[in-house]
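Participant: mind looking at a prediction? Sequence and model below.
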Number of protein chains: 2
Amino acid sequence: MKPNQTVEDEPQQSVTTMKRRIQMLSLHLTPLSPLQPSPQLNMLTCAKASKLEVDNVSLSSYMRGKNREIQEKIFEFFNSRPDLQTPIEISMNEHRELCIRQLMGLVGEAKIKPFRYVVEDPAMYFAISEAVGSVDISFGIKFGVQYSLWGGSVLNLGTKKHRDKYFDGIDNLDYLGCFAMTELHHGSNVQGLQTVATFDPITDEFIIDTPNDGAIKWWIGNAAVHGKFATVFAKLILPTHDSKGVSDMGVHAFIVPIRDLKTHQTLPGIEIHDCGHKIGLNGVDNGALRFRSVRIPRDNLLNRFGDVSRDGKYTSSLPTINKRFAATLGELVGGRVGLANSSVGVLKISVTIAVRYSLLRQQFGPPRQPEVSILDYQSQQHKLMPMLASTYAFHFTTQFLVEKYSEMKKTHDEQLVGDVHSLSAGLKSYVTSYTAKSLSTCREACGGHGYAAVNRFGTLRNDHDIFQTFEGDNTVLLQQVAGDLLKQYKDKFQGGTLSVTWNYLRESMNTYLSQPNPVTARWESADHLRDPKFQLDAFRYRTSRLLQSVAARLRKHSKTLGSFGAWNRCLNHLLTLAESHIESVILAKFIEAVQNCPDASSQAALKLVCDLYALDRIWKDIGTYCNVDYVAPNKAKAIHKLTEYLCFQVRNIAGELIDAFDLPPYVTRAPIAMQSEAYAQYTQLAGFQ
Amino acid sequence: MKPNQTVEDEPQQSVTTMKRRIQMLSLHLTPLSPLQPSPQLNMLTCAKASKLEVDNVSLSSYMRGKNREIQEKIFEFFNSRPDLQTPIEISMNEHRELCIRQLMGLVGEAKIKPFRYVVEDPAMYFAISEAVGSVDISFGIKFGVQYSLWGGSVLNLGTKKHRDKYFDGIDNLDYLGCFAMTELHHGSNVQGLQTVATFDPITDEFIIDTPNDGAIKWWIGNAAVHGKFATVFAKLILPTHDSKGVSDMGVHAFIVPIRDLKTHQTLPGIEIHDCGHKIGLNGVDNGALRFRSVRIPRDNLLNRFGDVSRDGKYTSSLPTINKRFAATLGELVGGRVGLANSSVGVLKISVTIAVRYSLLRQQFGPPRQPEVSILDYQSQQHKLMPMLASTYAFHFTTQFLVEKYSEMKKTHDEQLVGDVHSLSAGLKSYVTSYTAKSLSTCREACGGHGYAAVNRFGTLRNDHDIFQTFEGDNTVLLQQVAGDLLKQYKDKFQGGTLSVTWNYLRESMNTYLSQPNPVTARWESADHLRDPKFQLDAFRYRTSRLLQSVAARLRKHSKTLGSFGAWNRCLNHLLTLAESHIESVILAKFIEAVQNCPDASSQAALKLVCDLYALDRIWKDIGTYCNVDYVAPNKAKAIHKLTEYLCFQVRNIAGELIDAFDLPPYVTRAPIAMQSEAYAQYTQLAGFQ
């Protein structure tokens, strides 16, 4: 598409204050109608900056996932049940009870049974999970603990006997359960876990033990109050006949009953304590578990990747501890896919609140003229428009990830497993960090009214915050991405093939090995800057350059510092590499989504947003591009100007763009009107202008 | 000081695991002893990177303000009164009642009477305020509403008659009061306030009215529950004898009783509603006020800058509405000084928690060796060490601001008034934004344990968040700084004098008008990069360049867009200019503080920290410096390497640096040990290793 297709020449219609007032009143009855920028700000527009026409319905239907129906069913159910909606102020204990009632309501009353989708149709499962999280993030996590973590570990790490025994109980919530991996002293370093499961050949049981305080299972969701079972990760210890007497077979997963199914009493040898009040997610009952010689039948070993026979012999289809460990953890990537997906959902809510408010709120203006909408200020556009563009970019990329994950679950294709593992680690990390920062930016952009609890930024931020840490700390996950890139790089130079998703590295690596082209470094026309090829090349050039340079640095430092020391010496560099790679993937997926959009008007809108995403990111790193002469100073200036222009253009269709997220009134009820009893009582409008 | 003075050649002592264990146990009894980096990480140090010896006592006494005694008295009082300490979970209503009891305890039992210090000794007042805020930020704000906002408006905007009538009641808390400026539709735009105060010459009264819903006073602290009075900002309307009948004299402040002194009943014509639950600060009872023909005596006009006589004639020592408005608002800068000061206090707490935890927490390590402290990871150093350096930088700069403000309150020197106004706006904005971001970074850097409510990041972030908005939205305040710089710039070119604090602009403007020096642009020795002259020149060069270029752009755009439109077109540029200027001031004050430090060992430590502050900031903007050839590529590389080296060096004395903040155990009780009942019960150590 040519860039000038996004620009039309009709002049802005001037709207009177009266008309705007009526428009604003109508907001409370209908979705946000496309507000036009304050007429007096028209003077700020460039000559060509008239407004793109956006076909709301078509854009919205392109954005909508194929599992929208079940999401709507969920929203309708909770909309009809005020007793299951989370109030603004709620104590920890009440919130925990509410969350379990929400879960029971979803399964028992709305008749949504998500468990079978965990393996059979992950896209459906994630759609349900996202909707549930939009109702209350605590509820979303409680839901995920039950079905994805506890349930998922049974399905993915166990075998048929486990599925037969536990499926129905997990599905109908009779068997509420936990995922007991993290210990007090070991979170990220899962291989360092110290809980032990020793096989007793006499009784044909495993004995689960917590050897020291640091090995207490910590932060275990569902443990403090509701859980009946836990999947416990522990080192499998087998008796041997040599002088050592025992052999450590590495970390395995075991089903351990923790409370009596009938009386709910804690079982003998199990000690449970409450991890207490958290910054957010107080609807989830995190607890700590200590085991004192807890005996479980041999059958409770989740034995898909390794088994123990009646006489204590170990068998596995995988040859080494490291391979078995990788296979076990590999089955858990679904959690990360779900978090990335839900985090984009949170970002959509947050951006919607902030953009709506900024369209409605007016403050200051030219002398003797009405005040202007705060979204007409360059600073506000700068805060919110690239964020809106990123939300679109993340939306399409997580959709892609969900598809790939679903495919992987069906085909078990080895290359796909590697790709999904790395992409889910990278996207989870990148998106959750971005959303966390954006929630703060949005609150601040909405000023005092953003600070009212009713407007949700506080709860969203507090609940979402830990998305950066659980299911893999973001800083640790990015290192996995970097490690994987280095492995691909090494393979390439040893003649191996690059994996499907990332084969751009091969191409751009060749580009990089030559010097930047001094001619294109000077091209500065809008046509060129908005050419997807230029944008993608720039992103990938940066990644390739970072990859090649860090590989060289690692080689150099390894000689003196060893591999651990060299890795640490290059750590910031490695993290930047990983982020740069994720950004390349995001842009590529966004460009594809623009190209595949069937409706011309929606495509034009998406193209505008995609260009803003790409150029804003390039501008953020313009120093690097200039330093290596990839971008000449005149071109840098042109990029900056075009980015500002695109911000302004996107602002003009911002109302339509947030509408296309199609968030139900249930989710954004407060933000639409910034309403509360007091607001309503005072303002009658229940809103601001 | 020469840079190599910070480096000594003694090798690291190797400490055994046993020793470290004992050290860690000792933490719970004594302040943090200087933990050395993990021995196995010594291999990461540069040849010269041995540890600086820091004299804790001397550094701490240099940091300590002169009003430390009263702060210690406050900490001791609350430490001895568990019933006045804020629990981790508390409902909004209970929190509001606790805050008023804390305030009563402070004044009635601990016998701290802060009111006289508001005008007489602001440094003392801010010291009390900071200590009170360390106990509970809600309490700090409740305190500030009573003494600085409500009390301060009476003292600063009123005259002797007001002081005589209200002083004792405000001081002893009989007259709890509010500061009713913000309206539902007008926050930042104070001149747009719509509440009116019409003089009635027949009864010699003012009639206070809320003309429309948007003019309801909103977010008014102390209004929802406790306040008896409010200082209400309203347009003063006087009857005239011309055809218009009335004349709008602009915004003035009036004392309006809102509740009966004895019965606490809301007075006739006053309507009060609750603004409800907020993201944080729920110990403060924000309310909304509507006035329906509320009559107050003429004496209730706070008449320092403008008065009305018995017959309705207006008199003022100031000639125009704008000058009176400026004088009125000018008296309110104390609030900003206090917020900047308290925000640094919050940053100290947050950095202390995060650094202590990162020293204690270990995860991963080289093969077959003990795990390493997470502060030994480059990524963790990168997150926390520049933040620690910034905390020191902000500490000295806010100390300077408090001194200047105190001086201004004594001398009323006009130049000083301008300086303090601009510096308080800039520092409040810069510091509170920085602290808000840092609180999120600290939580994330502490992983799951950072998410436990007991470890305070959540409460600190939620409570501090609004510091970015109240007493002037940060984005608006930065524009005031930019506006002031432009005025200075214009004055310079019209032959005026530049004000005292900022006369560096004159000098660096001259530097800027010539081209960057191609020789110094290539200098890359550590001596040069750690020379305060190089650092300060680089900061000031950047500011001057931004100032000159934005002035030119404004001139250009004004012709086509008018001044409002041109300002908006350059808004991001203006905000960058303001931030750059504030950074220049901060660095200058930090360098002075290093130079004035009497103890050589403390000075060496501070020099290290100051260099990290300066070079990290230069590195963040290296693209700009390179683009204009102020820094050549080889020098950029040297700056990056040195910054990483300084991070590592500062990490080595990080324990001592946080100890020097001298935060009392009362304030950091949880973080020292990351303790809670559950932790303690399980770990006995009540901590992590």
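Facilitator: Everything's here; your move. Residues are numbered from 1 along each chain as shown, chains lettered A, B, ... in the order given.
Participant: closest residue of the stretch 101-250 of chain A to chain B?
Facilitator: When scored by CB to the nearest CB, the stretch 101-250 of chain A has A:Asp213 as its residue closest to chain B, at 4.5 Å. For every residue, glycine as well, the C-beta is placed using N, CA and C.
Participant: also chain A?
Facilitator: For chain A, CB to the nearest CB, closest residue to chain B: A:Gly623, 1.8 Å.
Participant: got the contact list for that residue?
Facilitator: A:Gly623 sits next to B:Ile622, B:Gly623, B:Thr624, B:Cys626, B:Asn627 when contact means CB atoms under 8 Å, 6 or more residues apart in numbering or on different chains.
Participant: those: which two are farthest apart?
Facilitator: B:Ile622 and B:Asn627 (9.4 Å; CB to CB).
Participant: the more surrounded of these two?
Facilitator: A direct count of neighbours by other CB atoms under 10 Å in any protein chain shown for B:Ile622 and B:Asn627 places B:Ile622 higher, at 21 against 16.
Participant: state whether the more buried one and B:Lys637 are indeed in contact, as I suppose.
Facilitator: No - counting by CB atoms under 8 Å, B:Ile622 stays clear of B:Lys637, with 9.7 Å between them.
Participant: got the contacts of A:Gly623 as CSV, with pLDDT and secondary structure columns?
Facilitator: Shown next, in CSV, are those (pLDDT from 0 to 100; DSSP: H, G, I helix; E, B strand; the rest coil):
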residue, pLDDT, secondary structure
B:Ile622, 90, helix
B:Gly623, 85, helix
B:Thr624, 85, helix
B:Cys626, 85, helix
B:Asn627, 81, helix
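Participant: out of the residues you listed, which comes closest to A:Ile586?
Facilitator: Distances from A:Ile586 to the contacts of A:Gly623, taken by CB to CB, are shortest for B:Gly623, at 22.3 Å.
Participant: now for the closest residue to A:Arg116 other than its chain neighbours: which residues touch it?
Facilitator: Sequence neighbours aside, A:Asp171 is the residue nearest to A:Arg116 in space, at 7.3 Å (criterion: CB to CB, 6 or more residues apart in numbering or on different chains). Residues in contact with A:Asp171 (CB under 8 Å, 6+ apart) are A:Val107, A:Lys113, A:Phe115, A:Arg116, A:Gly151.
Participant: in helices, which of those residues fall?
Facilitator: The subset of the contacts of A:Asp171 located in helices under the criterion DSSP state H is empty.
Participant: from these, list just the buried residues.
Facilitator: A:Val107, A:Phe115, A:Gly151 (16 or more other CB atoms under 10 Å in any protein chain shown).
Participant: out of those residues, who's near chain B?
Facilitator: Filtering the buried ones among the contacts of A:Asp171 for proximity to chain B (criterion: CB under 8 Å from any CB of the partner chain) leaves nothing.
Participant: ok, these vs A:Gly287, which is closest?
Facilitator: Nearest member of these to A:Gly287, counting by CB to CB, is A:Gly151, at 18.4 Å.
Participant: list phi and psi for A:Asp376.
Facilitator: When read as degrees, to the nearest 10, the backbone of A:Asp376 gives phi -80, psi -10.
Participant: that one: how many residues sit nearby?
Facilitator: 22.
Participant: that one contacts B:Gly565, doesn't it?
Facilitator: No - counting by CB under 8 Å, B:Gly565 is not a contact partner of A:Asp376; they are 10.2 Å apart.
Participant: can you give the domain ranges for chain A?
Facilitator: A:62-171, A:177-326, A:333-496+A:523-668 (automatic domain parsing).
Participant: please identify the most buried of the ones you listed.
Facilitator: domain A:333-496+A:523-668 (a mean of 21; mean count of other CB atoms under 10 Å in any protein chain shown).
Participant: for the stretch 501-650 of chain A, which segments count as helices?
Facilitator: Counting by DSSP state H, counting those that start in this stretch, the stretch 501-650 of chain A has helices at residues A:504-513, A:526-529, A:532-569, A:571-596, A:600-620, A:622-627, A:633-652.
Participant: those helices: lowest mean pLDDT?
Facilitator: With a mean of 64, helix A:504-513 has the lowest mean pLDDT of those.
Participant: what about the strands in chain A?
Facilitator: Along chain A, the segments classed as strands by DSSP state E run A:177-180, A:196-200, A:205-209, A:217-220, A:229-239, A:246-257, A:270-274, A:287-291, A:294-297, A:307-308, A:314-315.
Participant: thought A:Asp285 was touching A:Asp274, still the case?
Facilitator: Yes - using CB under 8 Å as the test, A:Asp274 is close enough to A:Asp285 to be in contact (7.4 Å).
Participant: need the residues touching each of these two.
Facilitator: Common neighbours of A:Asp274 and A:Asp285 (CB under 8 Å, 6+ apart) are A:Ala224.
Participant: of all the residues in the stretch 101-250 of chain A, which ones are close to chain B?
Facilitator: A:182, A:184-189, A:192, A:213-214, A:216, A:218-219.
Participant: CSV for the residues you listed, including pLDDT?
Facilitator: Formatted as CSV, these follow (pLDDT from 0 to 100):
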residue, pLDDT
A:Thr182, 95
A:Leu184, 88
A:His185, 86
A:His186, 87
A:Gly187, 84
A:Ser188, 86
A:Asn189, 88
A:Gly192, 91
A:Asp213, 86
A:Gly214, 87
A:Ile216, 93
A:Trp218, 93
A:Trp219, 94
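Participant: just the CA trace of stretch A:330-346, in CSV.
Facilitator: This file holds the C-alpha atoms of stretch A:330-346, laid out as CSV (Å, rounded to 0.1, in the frame of the first residue of the first chain):
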residue,chain,number,x,y,z
GLY,A,330,9.0,-27.6,27.9
GLU,A,331,5.5,-28.9,28.6
LEU,A,332,4.9,-25.9,30.8
VAL,A,333,5.3,-23.2,28.1
GLY,A,334,1.5,-23.0,27.8
GLY,A,335,1.4,-20.8,30.9
ARG,A,336,3.7,-18.3,29.3
VAL,A,337,1.6,-18.2,26.1
GLY,A,338,-1.5,-17.6,28.3
LEU,A,339,0.3,-14.8,30.2
ALA,A,340,1.4,-13.0,27.1
ASN,A,341,-2.1,-13.2,25.7
SER,A,342,-3.8,-12.0,29.0
SER,A,343,-1.2,-9.2,29.3
VAL,A,344,-2.2,-7.9,25.9
GLY,A,345,-5.8,-8.0,27.2
VAL,A,346,-4.9,-5.9,30.2
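Participant: does that stretch come close to chain B?
Facilitator: No - under the criterion of CB under 8 Å from any CB, stretch A:330-346 makes no contact with chain B; the nearest approach is 14.1 Å.
Participant: any idea how far that stretch is from the chain center?
Facilitator: 6 Å (CA atoms, centre = their mean, to the nearest Å).
Participant: could you give me the average pLDDT of it?
Facilitator: pLDDT averaged over stretch A:330-346 gives 93.
Participant: circling back: can I get the helices of the stretch 501-650 of chain A in TSV including distance to B:Gly250?
Facilitator: Converted to TSV, the helices of the stretch 501-650 of chain A look like this (distance: least, CB to CB, whole Å):
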stretch	distance to B:Gly250
helix A:504-513	63
helix A:526-529	47
helix A:532-569	52
helix A:571-596	51
helix A:600-620	42
helix A:622-627	46
helix A:633-652	34
